[in-house]
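Colleague: Sequence plus predicted model, see below.
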Amino acid sequence: MSASPDTVDSVKKTDDAAVVTAAAPVASTSASTPAPAPADPGAILRRMRAAHRKAGPPGYELRVKRLDKLEKMLVSNKAAIVKAISSDFGNRSAHETLAAEVFTTLSAIKYARAHLHEWMEPEPREVPFLFMPARAEVIPQPLGVVGVISPWNYPLFLALDPLASILAAGNACMIKPSEFVPETGELMKKMLAETFDEDVVCVVTGGVEIGVAFSKLPFDHLLFTGSTSVGKHIMRAAAENLVPVTLELGGKSPTIVTDGFSLRTAAEKIMHGKMMNAGQTCIAPDYVFVPKGKVDAFVDECKSQVARMYPTLASNPDYTSLVAERHLDRMQGHLDDAEAKGAKLHPVNPANETFARDTKKMAPVLLTGVTEEMTVMQDEIFGPLLPIMEYDTLDQVIEYVNDHPRPLALYVFDNDGARVQRVLKDTISGGVSVNDIMLHAAQEDLPFGGVGPSGMGHYHGREGFETFTKKKPVFYQSRLSGVGMLNPPFGKRIDLILKMLVGK
Ligand code: NAD
């Protein structure tokens, strides 16, 4: 693939006046500084689209250059990223930020760069004998300007991981981060404005009203990551302009521990997945099925694994805060509701600490004796609560999973390969990790995406490139073509040919 003469990025603007500023919650303006004018996302999109058209589709070298710049930006700003996210959360483990935001995004960039040449190649396709010696191929073509609406829980990764695919596919990108993480949103805006031409990557910050305006824009594709309920608004808004959407949504991800599997190993992995980001992970294990008679032993294992990984919680910088006090209240609401309806609560507080409300931290709680009537078994938990249910047969578990909305992730801990295959065959979910938690999402060569209420479409790796690419089918006629023989006036010749093609 040869480089296009595209020079879009060669005149990188550093003029911060050009950076778009909406009425972001964090934007503090002194009395003498006039408030920045609210962004007009529609005007930005028109400008970006015009620039994209004028520059033409970026070639391989320019795309690689953009990925290089994104990589460099992340590496040189990692300390600021750790600080901004922690400030937005109250406390976010620096290790979690480096591993789950910076490293994961860098992996996506490196994987895309390593495979870009191959992905950009036109793909020759078959031509039936009747049309030979013509030829056919699929040409990957950038879509144009792609919109990204991102959530707060992994605020950098869920904006910039899609950006890596979007830039690799040769598009421009407009990002709307969550208003719940204003410092991270402002940091991303600043970093990206310093790194890219504003017509290539642009961040628009602001509250829900900006999100609403953003979702109504006639993008060439819109990727939304967030809750299933807001996802419905996004799809409705996008439908007005027939904007294709990729929806990365949430839901309750079931976890199955089968008889014979080490409870200690399962507890270690499940509690690690649950405690990471204090349970605020879309693919965190939401609830666990444990074989009948093993619930008490599993509760004990979970407690000792948490105590081993987090000897303290309240004062431990490794343990992340909930993002807002209302989420503490939401967790407490689930606990009160479950207790009132007969569930048993097992708080996991290894050092018996008290938790000051303003730290927004809470000790994890295991719940047993839960029923369908409890809110904790109805809504995605998205916090450090873990309901544990016991079961008699695998059939019951599979039936339960299939009776509920299709989950984003499913986990099965089992050393019996045939039983694992049965779970894989008889349940549908966005993705699966067998004998571990969440790691399917870390494999760059696997597509990522939900199914039904947990989402539609995929990204990551090759699927990410393809999601943001028009796969344009092209047919090249040959000078030696014989298809004219099928033209009217119809007579004996076409009768003979049709007899060969469709029978007498
Ligand atoms: P959310 O749906 O409340 O918000 C997501 C984004 O949408 C934010 O930027 C927000 O400002 C914007 N928004 C809110 N209302 C809007 C509207 N009416 N129109 C347009 N935009 C609007 O989600 P959240 O609370 O930020 O994130 C948590 C949810 O995201 C959980 O359900 C979680 O499972 C899900 N999630 C999914 C994935 C995934 O990859 N599938 C990843 C992370 C989080």
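Modeller: Okay, I see it.

Colleague: for the residue in the chain positioned nearest to the ligand, phi and psi?
Modeller: Using CB to the nearest ligand atom, residue 250 is the residue of the chain that sits closest to the ligand, at 2.2 Å. Yep, even glycine has a C-beta here, placed from its N, CA and C like the rest. The phi and psi values for residue 250, taken as degrees, to the nearest 10, are phi -120, psi -150.

Colleague: List the contacts of it.
Modeller: Contact analysis of residue 250 by CB atoms under 8 Å, 6 or more residues apart in numbering lists 226-228, 282, 380, 382, 408, 454.

Colleague: Would you convert these into JSON lines that also reports pLDDT, neighbour count and secondary structure?
Modeller: Shown next, in JSON lines, are those (pLDDT from 0 to 100; neighbours: other CB atoms under 10 Å; DSSP: H, G, I helix; E, B strand; the rest coil):
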{"residue": "226", "pLDDT": "97", "neighbour count": "22", "secondary structure": "coil"}
{"residue": "227", "pLDDT": "96", "neighbour count": "16", "secondary structure": "coil"}
{"residue": "228", "pLDDT": "95", "neighbour count": "18", "secondary structure": "helix"}
{"residue": "282", "pLDDT": "97", "neighbour count": "26", "secondary structure": "coil"}
{"residue": "380", "pLDDT": "97", "neighbour count": "19", "secondary structure": "coil"}
{"residue": "382", "pLDDT": "98", "neighbour count": "23", "secondary structure": "coil"}
{"residue": "408", "pLDDT": "98", "neighbour count": "29", "secondary structure": "coil"}
{"residue": "454", "pLDDT": "98", "neighbour count": "28", "secondary structure": "helix"}
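
Colleague: hmm, which two among those residues are most spread apart?
Modeller: 382 and 454 (13.2 Å; CB to CB).

Colleague: Contact residues of the stretch 51-200 of the chain facing the ligand?
Modeller: Neighbours of the ligand within the stretch 51-200 of the chain, by CB under 6 Å from any ligand atom: 149-153, 158, 176, 178-179.

Colleague: residues in contact with residue 444?
Modeller: Residue 444 makes contact with 107-108, 111, 460-461, according to CB under 8 Å, 6+ apart.

Colleague: Narrow these to those in helices?
Modeller: 107-108, 111, 461 (DSSP state H).

Colleague: before we move on, the earlier item: specify which member of the contacts of residue 250 is nearest to residue 186.
Modeller: Of all these, residue 186 sits closest to residue 226, with 19.6 Å by CB to CB.

Colleague: residue ranges with poor pLDDT in the stretch 1-150 of the chain?
Modeller: Scanning the stretch 1-150 of the chain for pLDDT under 70 picks out the ranges 1-38.

Colleague: What segments of it are strands?
Modeller: Assigned by DSSP state E, counting those that start in this stretch, the strands in the stretch 1-150 of the chain fall at 123-125, 135-142, 145-149.

Colleague: And this structure, what are its domain boundaries?
Modeller: Domain assignment for the chain by automatic domain parsing gives 60-249+459-467, 254-449.

Colleague: Can you tell me which of these is most buried?
Modeller: domain 60-249+459-467 (a mean of 20; mean count of other CB atoms under 10 Å).

Colleague: first to last residue in that one, what's the distance?
Modeller: Start and end residues of domain 60-249+459-467 are separated by 18 Å (CA to CA, to the nearest Å).

Colleague: same deal with stretch 321-328?
Modeller: Start-to-end span of stretch 321-328 (CA to CA) is 9 Å.

Colleague: That one vs the ligand: in contact?
Modeller: No - Stretch 321-328 stays out of contact with the ligand when judged by CB under 6 Å from any ligand atom, the minimum separation being 8.2 Å.

Colleague: What lies in contact with that stretch?
Modeller: 88-92, 152-153, 180-181, 278, 280, 331, 357, 359-362, 382-383.

Colleague: mind listing which of these are in helices?
Modeller: Counted as lying in helices by DSSP H, out of the contacts of stretch 321-328, are 88-89, 331.

Colleague: which one of those residues is nearest residue 235?
Modeller: Of all the ones in helices among the contacts of stretch 321-328, residue 88 has the smallest distance to residue 235: 27.5 Å, by CB to CB.

Colleague: Spit out the contact partners of the closest residue to the closest one other than its chain neighbours.
Modeller: Nearest residue to residue 88 in three dimensions, chain neighbours excluded: residue 181, at 4.0 Å (CB to CB, 6 or more residues apart in numbering). Neighbour list for residue 181: 84-85, 88-89, 152, 155, 323 [criterion: CB under 8 Å, 6+ apart].

Colleague: Might you report the residue contacts of the residue nearest to residue 481 when sequence neighbours are not counted?
Modeller: Leaving aside its sequence neighbours, residue 481 sits nearest to residue 134 (CB to CB, 6+ apart; 6.2 Å). Listed by CB under 8 Å, 6+ apart, the contact set of residue 134 reads 127, 475-478, 481.

Colleague: What strand or helix carries the closest residue to residue 45 other than its chain neighbours?
Modeller: Closest residue to residue 45 apart from its sequence neighbours, by CB to CB, 6+ apart: residue 217 at 5.1 Å. For residue 217, there is no helix or strand it lies in under DSSP states H and E.

Colleague: I'd guessed residue 217 sits against residue 149; true?
Modeller: No - assessed by CB atoms under 8 Å, residue 217 is found out of contact with residue 149, at 10.6 Å.

Colleague: hmm, stretch 397-405 touching the ligand?
Modeller: No - applying CB under 6 Å from any ligand atom, one finds stretch 397-405 separated from the ligand by no less than 12.1 Å.

Colleague: chain center to that stretch, what's the gap?
Modeller: Averaging C-alpha positions (CA atoms, centre = their mean, to the nearest Å) puts stretch 397-405 24 Å from its chain's average.

Colleague: Can we start the residue count at 29 from this point?
Modeller: Noted, 29 is the first residue going forward, which turns the last one into stretch 425-433.

Colleague: mean confidence for that stretch?
Modeller: In this model, stretch 425-433 has a mean pLDDT of 98.

Colleague: Likewise for stretch 383-393?
Modeller: Mean pLDDT, stretch 383-393: 97.

Colleague: Now do that stretch: everything it contacts.
Modeller: Applying CB under 8 Å, 6+ apart, the contact partners of stretch 383-393 are 117-119, 299, 302-303, 306-307, 334, 341-342, 347-353, 355-356, 359, 363, 373-377, 381, 411-414.

Colleague: Restricting to C-alpha, output that stretch in PDB.
Modeller: C-alpha atoms of stretch 383-393 as PDB (Å, rounded to 0.1, in the frame of the first residue of the first chain):
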ATOM      1  CA  PHE A 383     -15.600   4.200  55.700                       C
ATOM      2  CA  ALA A 384     -16.000   8.000  55.600                       C
ATOM      3  CA  ARG A 385     -18.800   8.800  53.100                       C
ATOM      4  CA  ASP A 386     -16.700  11.500  51.400                       C
ATOM      5  CA  THR A 387     -14.100   8.800  50.300                       C
ATOM      6  CA  LYS A 388     -16.900   7.200  48.300                       C
ATOM      7  CA  LYS A 389     -15.400   3.800  49.200                       C
ATOM      8  CA  MET A 390     -17.400   0.800  50.500                       C
ATOM      9  CA  ALA A 391     -16.400  -2.700  51.600                       C
ATOM     10  CA  PRO A 392     -17.600  -5.400  49.300                       C
ATOM     11  CA  VAL A 393     -20.600  -7.400  50.400                       C
END
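
Colleague: mind checking the SS state of residue 203?
Modeller: strand (DSSP: H, G, I helix; E, B strand; the rest coil).

Colleague: show me what contacts it?
Modeller: Taking CB under 8 Å, 6+ apart, we find residue 203 in contact with 175-176, 178, 187, 191, 216, 220, 229-232.

Colleague: Now tabulate these in CSV and tack on secondary structure.
Modeller: Below are the contacts of residue 203 laid out as CSV (three-state DSSP):
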residue, secondary structure
175, strand
176, strand
178, coil
187, helix
191, helix
216, helix
220, helix
229, strand
230, strand
231, strand
232, coil
